[in-house]
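Novice: Sharing a model prediction with you, sequence too.
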Amino acid sequence: MREFYTLDTDRSACLHCGSHVTDRFGRVFGNDLDRTHRCGECDGYARSSRGSAAGIEVPIPDPETSPGRHGSEPDA
C-alpha cells in the first residue's frame with residue numbers, strides 16, 4: 001500500500017519566523033497552498049504585497065539584511 005505525505009495542514013504560522021498569521025492573510029498573500037513564507041512580523045507590507053509572503057524574491061531590500069530607511073518600506 002502506498003502512503004502519501006502532504007505538507008503540514010496548519011497554515012496559521014509564518015514559515016520564516018513562526019508568528020501567527022490569519023487564514024485570510026495566507027489566502028491573499030501566501031503561495032498556491034495558502035502558506036505564508038514571510039509575514040508582517042518578519043517583513044514589510046511593500047515586500048509582502050509584491051510576493052515575498054508567497055516565497056517570491058522581490059527587488060525591495062529585505063529588512064533583515066538591510067535595516068533602516070532602505071529596508072522593507074519605501075520612502076513616502
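Specialist: Thanks, I have the structure now. As the structure is a computational prediction, the values presented were derived from the model and not from experiment.

Novice: Then residue 25 would be within a helix, right?
Specialist: Yes - judged by DSSP: H, G, I helix; E, B strand; the rest coil, residue 25 forms part of a helix.

Novice: Please verify my assumption that it contacts residue 39.
Specialist: Yes - using CB atoms under 8 Å, residue 25 makes contact with residue 39 at a distance of 6.9 Å. C-beta: built from backbone N, CA, C; applies to glycine.

Novice: list residues touching both of the two?
Specialist: With contacts taken as CB atoms under 8 Å, 6 or more residues apart in numbering, residue 25 and residue 39 have residue 53 as neighbours in common.

Novice: higher neighbour count, those two?
Specialist: Counted by other CB atoms under 10 Å, residue 25 and residue 39 do not tie: residue 39 has more neighbours, with 24 against 19.

Novice: Just want to check the distance between that one and residue 12.
Specialist: 11 Å (CB to CB, to the nearest Å).

Novice: before we move on, what about residue 27?
Specialist: Using CB to CB, one obtains 12 Å as the distance from residue 27 to residue 12.

Novice: what do you get for residue 36?
Specialist: Shown here: residue 36 relative to residue 12, a distance of 9 Å by CB to CB.

Novice: again with residue 25
Specialist: In this structure, residue 25 and residue 12 are 10 Å apart, going by CB to CB.

Novice: now the end-to-end length of stretch 46-56.
Specialist: The first residue of stretch 46-56 is 13 Å away from its last residue (CA to CA, to the nearest Å).

Novice: and what of stretch 34-50?
Specialist: End-to-end distance of stretch 34-50 (CA to CA): 15 Å.

Novice: what residues does that stretch touch?
Specialist: 7, 11, 13-17, 19, 21, 23, 25-27, 29-31, 52-56, 58-60, 62-64, 71-74.

Novice: at 6 Å what do you get?
Specialist: 11, 14-17, 19, 21, 26-27, 29-30, 52-53, 55, 58, 60, 63, 72-74 (CB atoms under 6 Å, 6 or more residues apart in numbering).

Novice: Can you give me the buried ones in it?
Specialist: Using 16 or more other CB atoms under 10 Å as the test for burial, stretch 34-50 gives 34, 35, 36, 37, 38, 39, 42, 43, 44, 46, 47, 48.
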